[in-house]
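Undergrad: no sequence for this one, just the structure:
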């Protein structure tokens, strides 16, 4: 059975002091965690080894305290040194170290992520010893000088049970597109690190992911006065169908607002929603 | 001559309104509607927890009927308003029988809450028929607020005890311009006939049907009684006197010779 490295529906932050509007990475990560980020990767291209060790230890502590997965970019030795949850490798890193050696360094519980940039690489990566693969850059990004688009995304998402993190230029504009294509886990750099209010930005992104059915948490709603836990976000239409109701026989009230039948597919149930499902019965 | 009346812009012939609660089979509702010729039927709105019910009460109500949702279960005006809106959104028209009933023992309506709900729902375009405790002044206020009819109770809901509120209902019929429809407690066709003879615009019956052995036949019996009572009312009330008045000529009797001596 496959090891669970993180929950599907995760929001993955990749750090970068150079694009944090002058804010310290520690502050950026703290705010992102308050907003609900699930995974943090330390990726500081301009920092010295000593700085990375110091920062890595601090970030590790912050993440651990908050139940957030902490990854280190590129360097399995550094990952082991700061006791990160795992290491994220580029294609060159795999060539440089070899996956078996990396596994040795991070241990059987350590998480190995792998960047892939083509469907071919993604296939190889999914079949390799990596625990998850990142696929991108799907959109133009300042971090890379090319992007690959989203055409291969549906195929990559269906390759294996291993989580796929979609990355590269994802922002508030195009997030919906990757989620619509089936992405469950999304990585972001600048859309978070350059946000004026990082905590709010992360919360907004998580909200969008949740509404699109990809974010982690179970959706607890009130149905006819009882609490019910949904595994994923459903539209009212889907929910009514899952209960075996004939749509033409029930009336749905959502947070005290009556939802006309033709709108059922557009209204998504999210946590805390109050839903009444009613039907006509005999009465005097 | 056709005796047509109108409520909420709808022309009606049958003055027998049928409640659909407690029928042993849903299909029997349709049979009772057909046997009685009822044109207005009431339904209630309830939470449903799964889709196991394969048929809906509405499937058994003929299309030409007015479906009037009641707000049963509402304890306040706000709840009644909410239920009415939900019912209308379900797409079966804008008739609503307002029930605001704060107590579970006597199921007596709260006229204040009923009046409040009437005011709000009339403004929202509903055809509002408030179920109420017989009371002249509340009845007048409800009519003034735009109620399409007022529905005083005959006796406690489901009690089959007949028209125990006769005196007040009589006053209401006389003084309120809106149609007065007697609802609740009507237990026998003769009770219904009595309401109609008094000049009630219609009666609403439910429990008396389903507590009889043959609800479909009983529905017909009620509708006949309602027609009889109505016809009696429009024929003019006969005067009551305290001495006998022969119905045959009192001259020209075939009698013995000794008769003239009296």
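TA: Nice, thanks for sending it over. None of the values given here were measured: they were computed from a predicted structure. Residues are numbered from 1 along each chain as shown, chains lettered A, B, ... in the order given.

Undergrad: all contacts plus neighbour counts: C-alpha atoms, from now on.
TA: OK.

Undergrad: next, count neighbours for the spatially closest residue to residue A:87 that is not a sequence neighbour.
TA: Distances taken as CA to CA, 6 or more residues apart in numbering or on different chains put residue A:72 closest to residue A:87, at 4.8 Å, once the chain neighbours are dropped. Neighbours of residue A:72 under the rule other CA atoms under 10 Å in any protein chain shown: 29.

Undergrad: for the host helix or strand of residue A:72, name the packing helices and strands.
TA: Using DSSP states H and E, the element containing residue A:72 is strand A:69-73. Under the contact criterion of 3 or more CA pairs under 8 Å, 6 or more residues apart in numbering or on different chains; DSSP states H and E, strand A:69-73 touches strand A:39-42, helix A:49-65, helix A:76-81, strand A:86-89.

Undergrad: which parts of chain A sit against chain B?
TA: By CA under 8 Å from any CA of the partner chain, the residues of chain A that approach chain B are A:224, A:243-246, A:249-251, A:253, A:258, A:260, A:276-284.

Undergrad: from those, keep the buried residues only.
TA: Listed as buried from those are A:224, A:245-246, A:249-251, A:253, A:258, A:276-284; burial here means 16 or more other CA atoms under 10 Å in any protein chain shown.

Undergrad: now, the residues you listed that are in helices?
TA: If you go by DSSP state H, those have nothing in helices.

Undergrad: in strands, which of the residues you listed fall?
TA: Among these, the residues falling in strands (DSSP state E) are A:251, A:253, A:258, A:276, A:277, A:278, A:279, A:280, A:281, A:282.

Undergrad: mind listing what the residue lying closest to residue A:240 once chain neighbours are set aside touches?
TA: Excluding the flanking residues, the one nearest residue A:240 by CA to CA, 6+ apart is residue A:247, at 7.0 Å. Applying CA atoms under 8 Å, 6 or more residues apart in numbering or on different chains, we find residue A:247 in contact with A:237, A:240, A:241, A:261.

Undergrad: now the second one, what's its secondary structure?
TA: Residue A:240 carries the three-state label helix when classified by DSSP: H, G, I helix; E, B strand; the rest coil.

Undergrad: how many neighbours does it have?
TA: With other CA under 10 Å as criterion, residue A:240 counts 20.

Undergrad: same question for residue B:94.
TA: Residues lying near residue B:94 (other CA under 10 Å) number 23.

Undergrad: how many other residues sit next to the nearest residue to it once chain neighbours are set aside?
TA: Sequence neighbours aside, residue B:126 is the residue nearest to residue B:94 in space, at 5.0 Å (criterion: CA to CA, 6+ apart). If you count neighbours by other CA under 10 Å, residue B:126 ends up with 22.

Undergrad: again with residue B:214
TA: Residue B:214: 12 surrounding residues under other CA under 10 Å.

Undergrad: again, but for the one 5 residues further on
TA: Other residues within reach of residue B:219, judged by other CA under 10 Å, total 30.

Undergrad: with the one 10 residues further on instead?
TA: The burial count assigned to residue B:229 is 24, neighbours taken as other CA under 10 Å.

Undergrad: what residues are up against the closest residue to chain A within the stretch 101-250 of chain B?
TA: Closest to chain A within the stretch 101-250 of chain B is residue B:206: 5.7 Å, counting by CA to the nearest CA. Residue B:206 is in contact with A:284, B:18, B:19, B:20, B:21, B:158, B:184, counting by CA under 8 Å, 6+ apart.

Undergrad: for the third one, which non-adjacent residue is closest in space?
TA: Yep, that's residue B:19 we're talking about. Nearest one to residue B:19, counting by CA to CA, 6+ apart, is residue A:284 at 4.0 Å.

Undergrad: write out the residues of the stretch 101-250 of chain B neighbouring chain A.
TA: B:205, B:206, B:207.

Undergrad: tell me the pLDDT of residue A:2.
TA: Looking at residue A:2, its pLDDT is 50.

Undergrad: what bridges to residue B:183?
TA: residue B:153, residue B:204 (DSSP bridges).

Undergrad: in a strand, that's where residue A:178 is, yeah?
TA: No: counting by three-state DSSP, residue A:178 is not part of a strand but helix.

Undergrad: if I pick it, what's in contact with it?
TA: Shown in contact with residue A:178 (CA under 8 Å, 6+ apart): A:150, A:166.

Undergrad: how far away is it from residue A:135?
TA: According to CA to CA, to the nearest Å, residue A:178 and residue A:135 sit 11 Å apart.

Undergrad: and for those two, which residues touch both?
TA: Joint contacts of residue A:178 and residue A:135 (CA under 8 Å, 6+ apart) are residue A:166.

Undergrad: the lengthiest strand in chain B and chain A, are they touching?
TA: In chain B, assigned by DSSP E, the strand with the most residues is strand B:40-47. Yes: counting by CA under 8 Å from any CA, contacts between strand B:40-47 and chain A involve B:42, B:43, B:44, B:45, B:46, B:47.

Undergrad: quick check: pLDDT value at the closest residue to residue A:282 other than its chain neighbours.
TA: Spatially, and ignoring its direct neighbours in sequence, residue A:282 is nearest to residue B:21 (4.0 Å; CA to CA, 6+ apart). With respect to pLDDT, residue B:21 scores 90.

Undergrad: ok, now residue B:80?
TA: For residue B:80, pLDDT reads 94.

Undergrad: now do the buried residues in the helix or strand harbouring residue A:126.
TA: Using DSSP H and E, the element containing residue A:126 is helix A:119-127. Buried positions in helix A:119-127, judged by neighbour count with 16+ other CA under 10 Å: A:119, A:121, A:122, A:123, A:125, A:126.

Undergrad: would you reformat the residues you listed as a markdown table and include pLDDT?
TA: A markdown table is the format used below for those (pLDDT from 0 to 100):
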| residue | pLDDT |
| --- | --- |
| A:119 | 95 |
| A:121 | 96 |
| A:122 | 96 |
| A:123 | 95 |
| A:125 | 95 |
| A:126 | 92 |
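
Undergrad: ok, those vs chain B, which is closest?
TA: Closest approach to chain B among the buried residues of helix A:119-127 (CA to the nearest CA): residue A:126, at 41.5 Å.

Undergrad: ok, the residue nearest to residue B:94 - contacts?
TA: Residues in contact with residue B:126 (CA under 8 Å, 6+ apart) are B:94, B:95, B:96.

Undergrad: okay, buried residues for stretch A:192-200 please.
TA: The neighbour-count check on stretch A:192-200 (16+ other CA under 10 Å) flags A:192, A:193, A:194, A:195, A:198, A:199, A:200 as buried.

Undergrad: in JSON lines, list those residues along with secondary structure and pLDDT.
TA: What follows is the buried residues of stretch A:192-200, written out as JSON lines (DSSP: H, G, I helix; E, B strand; the rest coil; pLDDT from 0 to 100):
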{"residue": "A:192", "secondary structure": "helix", "pLDDT": "97"}
{"residue": "A:193", "secondary structure": "helix", "pLDDT": "97"}
{"residue": "A:194", "secondary structure": "coil", "pLDDT": "97"}
{"residue": "A:195", "secondary structure": "coil", "pLDDT": "97"}
{"residue": "A:198", "secondary structure": "helix", "pLDDT": "96"}
{"residue": "A:199", "secondary structure": "helix", "pLDDT": "93"}
{"residue": "A:200", "secondary structure": "helix", "pLDDT": "95"}
